[in-house]
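Enquirer: Kindly generate the corresponding structure for this input.
(chains A and B)
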Amino acid sequence: MGSDPTPRTSAEVGGMGHSLRRKEDPRFIRGKGTYVDDIQLPEMLHLDLVRSPYAHARIVKIDTAKALATRGVLAVITGADLAKYNLHWMPTLMSDTQMVLPVDRVMYQAQEVAAVLATDRYAAADGVDAVEVQYEALPVVVDPRKALAPDAPVLRTDKKDKRDNHIWHWEWGDRTATDRAFREAAVTVKQDIYLPRIHVASIETCGCVAHFDKVSGKLTVWMTTQAPHAIRTVFALVAGHVGLEEHKIRIISPDIGGGFGGKVPVYPGYVIAVAASVLTGKPVKWVEDRMENLQADSFARDYHITAELAATREGRLTALRIKTLADHGYTDAAANPSKFPAGLFHICTGSYDLQAAHVEVDGIYTNKPPGGIAYRCSFRVTEAVHTIERMVDLMAHQLGTDPAEFRLKNFIRPEQFPYRSALGWEYDSGNYAGALRKAMDRIGYAALRREQAERRADGELMGIGISSFTEIVGAGPSKHFDILGLKMFDSCEIRIHPTGKAIARFGTKSQGQGHETTYAQILAEELGIPAAHIQVEEGDTDTAPYGLGTYASRSTPVAGAAAAVAARKIRDKARKIAAHLLEAAEEDLVWEPGKFSVRGSPARAKTIQEIALAAYTNHPPGLEAGLEAVSYYDPPNLTYPFGSYVCVVDIDRGTGEVRIRRFVAVDDCGNIINPMIVDGQIHGGLTMGLAPALYEEISYDEQGNVRGGSFVDYLLPTAVETPRWETDKTVTPSPHHPLGAKGVGESATVGAPAAIANAVVDALWHLGVRHVDIPITPAKVWKLLREHGVTE
Amino acid sequence: MRVEVTVNGQRREAEVEPRLLLVHLIREVFRLTGTHIGCDTTHCGACTVLLDGRPVKSCTLFAVQADGRALLTVEGLEQDGTLHPVQAAFMAEHGLQCGYCTPGMLMTSYAFLQAHARPTEAEIRAAISGNLCRCTGYVNIVKAIEHAAARLREGAA
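Expert: Modelled structure (predicted):
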């Protein structure tokens, strides 16, 4: 454990450890980025969507006559039109099916019902208003518990022989050993925890410009996607039968205004825009508005969890048991690796050394839009972390032990790594006590506990909350990780130019993470070529090597590793060229960043720039000219970033408002590429942890009407609610990653909500409060305060 | 209808539908795509521009309301190849990530700093509370505005 190691390279080279200014910024601060909606092509048409006001209804009739008579409207596309090409349904990533446009039934409010194609966006909106749809309302199923009742209406009648709303049952772990541990346990705690439906709400919504060139037969789609290559393959698989083959499809993911998981799925709008462009031969733009984004795009979480934790009388944790109902909406369109229907929820033993654990999850259909995408999180890790961190806190309080002491006693110890968890994961490295102690020192934990006791005596409500999370990111090893059969490797291709400058292309796609900068720093570290001389490109499937994209904090663990491996291939060839130039044996050459020298005669040296020139002007006999390499990196294991967060809250006795007084975050993401960017990722992640902890929820009334469907009532934190985050770090490198890095983009989102929730319960425990579901709104707290006689 | 607007110091004219939103005039008619659209309810501030020197959310004004008036968009901040201090500060302090909210943040900050030479952190946070950012957690945006304020004071001294 340490922090801020000295960089190996000079500031001019700008390798790992330098807080290099970002290469992306000059265009963004001038308003010169290119986002999807910025693309305007000659003769471009606009697509807008008619959406269902009902959560469940039969479509009796769609009358398009008035719409077609509207100025500027060229066509109205319905499910019946798409059915002619068998494009009205499409497969989901989890091998379920999803409607592109419905033929006879809508399954959620705001579902796409018909598409209007027009000459401009205003005309398209006029057309949408003019489409007349006659519905016959059907009974609505909103609550997944009620969805399982024997008399519940069966939602997926399109599936032959489907007799209920149950999608799948999944379980993991040793049930017998877990049940035994619970029977033998001296102390157990049990808690229902609901993690509500939330939405990533990236500030840029989703959209595309599809352009089918009728002459060449080539389709180009500029698209808000985090995974352009996989999208190309999916398009080819879905539409190959109508002539869209993979070599005729080019997906371009230009600048992306935030992704966080919401830009992984294929939404119907994209598919309809492509179909419209193929039919008309003209470019077609579809960009959703914010309400469409919040109401119809895939959502995260919606997990109804019942958790139990067992411990010995001495306060040693022994076992964890979890049962969960997973509300997936009307289809399982989760963005998970294929083998894991509940994502990586089975990381739920967290940072603790447990003997046994067992997890069950049941996927359920309801009349809601598709769910199961991440909210800046690696496949349900937040659900797992929130559960274990709430349960550990509950147990500590139940035993009357300080929650920090309780954690320190039960953590996996540094010498236990690599550590095999009760649920079978092999944690790569960690020092959990180190991170927690650092966070406690930084915030002054002991003094805060004294202050809390004094304030409590005065009737004030102050709470201190801890979350000591372990993540699991960097999916993933090909043995277990694939999406639709595509193994979850990622890629880097490097070309060194004759003058020693370089271009590198990747299978990932930045959405604000700063890949153009950090990947260049990795290559600068490995090759000694200044980062300023390395151009990084991503997101164009015609030029970049195939990769699975950016989500689940996988870019640094997987594509970052590919960069290191490809750079080392370049170095191997550079060594041969240097040996030729220096007339020395390869094994007598010594590498330091930027040059090879002859062992014992450091003056006899060739720089990487000289070697690059020779690769094109004076390459050795028997060796091919040029200096380039590609790596498709298959990670041997996942990486396990971790951290400890300590949060202090004050609760207003009158209003129930929770105010975060201080929040200290100590993160460990292994070796760091760019400290400035890591801090920025943590600041943003913490804010996306605060958001669901206190503010964000999308819920439904009994009729399936969405609440929280616009920024009027879906509350993103502003600068006023967001505290001044205090960040620090420890560094425990990953032993299996070529750079010792682990990934950092999501740690804080995963860890923060539990720290806040634990602080609130800590403030209210003495009143008898044992749990509060997030978001912890003033109304919820006020109600609790009233119930416990604190406020009138 | 005909509108005449001074955009970043240049007079521009356009024939528009009365219902055309100002943000669409800027983006699609004038092709200044630095001004972004992030919501439809005046909450996110990605579309913030200055109208006669005051920050406005251009998704909530009609183009015709800008007739005869002066607009400043993010593209107009840089002068003769020199970045405005607020732009330079956002780069220096890592006050942006995906860049989507950035133009709106810059315009709000620019206007705020005209009137507040020595802002407190609380004043800065309140000033940008009409601009949502999903990436940065605002920490470095606040720092960038403090940084820009210091540069502007040096420049004025």
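Enquirer: so what's the residue in chain A that chain B sits nearest to closest to, chain neighbours aside?
Expert: Checking chain A residue by residue against chain B with CB to the nearest CB singles out A:Gly31 as nearest, at 1.8 Å. Any C-beta I mention is one placed from the backbone N, CA and C, and that applies to glycine too. If the residues on either side of it in the chain are set aside, A:Gly31 comes closest to B:Gly34, at 1.8 Å by CB to CB, 6 or more residues apart in numbering or on different chains.
Enquirer: could you list every residue that touches that neighbour?
Expert: With contact taken as CB atoms under 8 Å, 6 or more residues apart in numbering or on different chains, B:Gly34 is in contact with A:Arg30, A:Gly31, A:Lys32, A:Gly33, B:Thr73, B:Val74, B:Glu75, B:Pro103.
Enquirer: one more time with 6 Å
Expert: Applying CB atoms under 6 Å, 6 or more residues apart in numbering or on different chains, we find B:Gly34 in contact with A:Gly31, B:Val74, B:Glu75, B:Pro103.
Enquirer: quick one: the helices in the stretch 1-150 of chain A?
Expert: Listed in chain order, the helices of the stretch 1-150 of chain A (DSSP state H, counting those that start in this stretch) span residues A:25-28, A:65-68, A:79-83, A:121-130, A:144-147.
Enquirer: What values do phi and psi take at the residue nearest to A:Ala544 when sequence neighbours are not counted?
Expert: Take A:Ala544 and drop its neighbours on the chain: the residue closest to it by CB to CB, 6+ apart is A:Arg505, 4.4 Å away. The phi/psi pair for A:Arg505 (degrees, to the nearest 10) reads phi -120, psi 150.
Enquirer: A:Arg505: neighbour count?
Expert: Using other CB atoms under 10 Å in any protein chain shown, the number of residues around A:Arg505 comes to 21.
Enquirer: what separates it from A:Gly539, distance-wise?
Expert: 9 Å (CB to CB, to the nearest Å).
Enquirer: likewise B:Ala14?
Expert: The spacing between B:Ala14 and A:Gly539, counted by CB to CB, is 33 Å.
Enquirer: between these two, which one's more packed in?
Expert: Neighbour comparison, B:Ala14 and A:Gly539: the larger count goes to A:Gly539, with 28 against 15 (by other CB under 10 Å).
Enquirer: how much space between the residue of chain A positioned farthest from its centre and A:Pro498?
Expert: In terms of distance from the mean C-alpha position of chain A, A:Glu583 ranks first, at 50.8 Å (CA atoms, centre = their mean). According to CB to CB, A:Glu583 and A:Pro498 sit 22 Å apart.
Enquirer: Spatially nearest residue to residue 101, not counting backbone neighbours?
Expert: Picked chain A for this. Computed as CB to CB, 6+ apart, the closest residue to A:Leu101 that is not its neighbour in sequence is A:Gly79, at 3.8 Å.
Enquirer: hm, I was asking about chain B
Expert: With CB to CB, 6+ apart as the measure, B:Cys133 is the residue that lies nearest to B:Cys101, at 4.6 Å, once sequence neighbours are left out.
Enquirer: Run a quick neighbour tally on that neighbour.
Expert: Applying the criterion other CB under 10 Å, we find 32 residues in the vicinity of B:Cys133.
Enquirer: Mind checking which residue lies nearest the centre of chain B?
Expert: B:Met107 (2.2 Å).
Enquirer: Close to chain B: what parts of the stretch 1-150 of chain A are there?
Expert: If contact is defined as CB under 6 Å from any CB of the partner chain, the residues of the stretch 1-150 of chain A in contact with chain B are A:Asp25, A:Phe28, A:Ile29, A:Gly31, A:Gly33, A:Asp38.
Enquirer: In chain B, what residue lies closest to chain A?
Expert: Distance from chain A to each residue of chain B (CB to the nearest CB) is smallest for B:Gly34, at 1.8 Å.
Enquirer: can you tell me the helix or strand for that residue?
Expert: Assigning secondary structure by DSSP states H and E places B:Gly34 outside every helix and strand.
Enquirer: where does chain A come near chain B, residue by residue?
Expert: Checking chain A against chain B by CB under 6 Å from any CB, the hits are A:25, A:28-29, A:31, A:33, A:38, A:202-204, A:257-258, A:289-290, A:511-512, A:676, A:680, A:683-684, A:686-687, A:710-712, A:716, A:718-720, A:722, A:725.
Enquirer: Which of those residues fall within helices?
Expert: A:Asp25, A:Phe28, A:Arg290, A:Met676, A:Gly680, A:His683, A:Gly684, A:Leu686, A:Thr687 (DSSP state H).
Enquirer: taking these as a set, which two sit the farthest apart in space?
Expert: Taking CB to CB as the measure, those span a maximum distance of 30.6 Å, between A:Arg290 and A:Met676.
Enquirer: doesn't A:Ser491 make contact with A:Gly547?
Expert: Yes. With contact taken as CB atoms under 6 Å, A:Gly547 and A:Ser491 are classed as touching, separated by 4.5 Å.
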